[in-house]
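> heads up, no residue letters with this:
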């Protein structure tokens, strides 16, 4: 894919490093010359020192051929303007970062395809971890219909020292992986769930609390 990323802050840089070299043609735009020079030494991409709200800069970046335009500068107004400019070039997907979550709906109404708020995501993430003791990590998948949980099996839980096949078939969750120490294993029915093992589970949204208690409480 041909991807243009505007803004090389923490979010942009991390994203660019992840996307580079994966059969993507990557173009990076940033106004700061020093940042451009630094990024050029670390990421395999075309680096453009310029203003992403400037049409000439966008055209130099190959906006006509882009599949995705991502605006993640530190200024949400810049992200909005550049995304709207990109829309004029019929780009299939535009993604923009908002700093203030209350503006998320505004961006969406202006037809920015995907609006992200790292601050809002982080707040929701922390809230879920606080409200669900025993969960080490989590990710939301399937448009919010399911979550991937990372749990530590309590020594007194009902599943401790049992093989997965002994738990019976359950349509509410699926055990994806089991860590034994630092070793990750893809489990089967014979896999024994030992106390203090870390496990990764795919759980339906409406069963998260029930599954959490099953694995982490006595």
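Now that the structure is in, tell me what you want to look at. Note that this is a predicted model, so its numbers are computed, not measured.

> Run through the neighbouring helices and strands of the stretch of helix or strand residue 38 belongs to.
Per DSSP states H and E, residue 38 falls inside helix 33-40. Counting contacts by 3 or more CB pairs under 8 Å, 6 or more residues apart in numbering; DSSP states H and E, helix 33-40 packs against strand 25-30, strand 46-49. For the C-beta atoms, the positions are set from N, CA and C on the backbone; glycine is no exception.

> Let me see the mean pLDDT of the first one.
Yep, that's strand 25-30 we're talking about. On average, the pLDDT along strand 25-30 is 96.

> Just give the strands next to it in its sheet, each with its orientation.
Sheet pairing of strand 25-30 (DSSP bridges) gives strand 2-6 (parallel), strand 46-49 (parallel).

> Figure out which of those strands is closest to residue 104.
Closest approach to residue 104 among the strands paired with strand 25-30 (CB to CB): strand 2-6, 18.4 Å.

> still on that earlier bit, only the buried residues of the helix holding residue 38, if you could.
By 16 or more other CB atoms under 10 Å, the buried positions in helix 33-40 come out as 35-36, 39.

> Show me the contact partners of it.
8, 13, 16, 28, 30, 45, 47-49 (CB atoms under 8 Å, 6 or more residues apart in numbering).

> one more time with 7 Å
Contact with helix 33-40 is made by 8, 13, 28, 30, 47, 49, as judged by CB atoms under 7 Å, 6 or more residues apart in numbering.

> now stretch 107-123
The set of residues external to stretch 107-123 that reach it, using CB under 7 Å, 6+ apart, is 11, 80, 83-84, 87, 93-99, 101, 104.

> cool, and stretch 76-83?
Applying CB under 7 Å, 6+ apart, the contact partners of stretch 76-83 are 6, 52-53, 69, 71-73, 94, 96-100, 103, 107, 110, 112.

> can you tell me how far the residue nearest to residue 160 when sequence neighbours are not counted sits from residue 177?
Counting by CB to CB, 6 or more residues apart in numbering, residue 160 lies nearest to residue 195, which is 4.9 Å off, once chain neighbours are set aside. Distance, residue 195 to residue 177, using CB to CB, to the nearest Å: 17 Å.

> Neighbours of the closest residue to residue 188 other than its chain neighbours, how many?
Once flanking residues are discounted, residue 188 sits nearest to residue 164: 7.1 Å by CB to CB, 6+ apart. Neighbour count of residue 164, defined by other CB atoms under 10 Å: 17.
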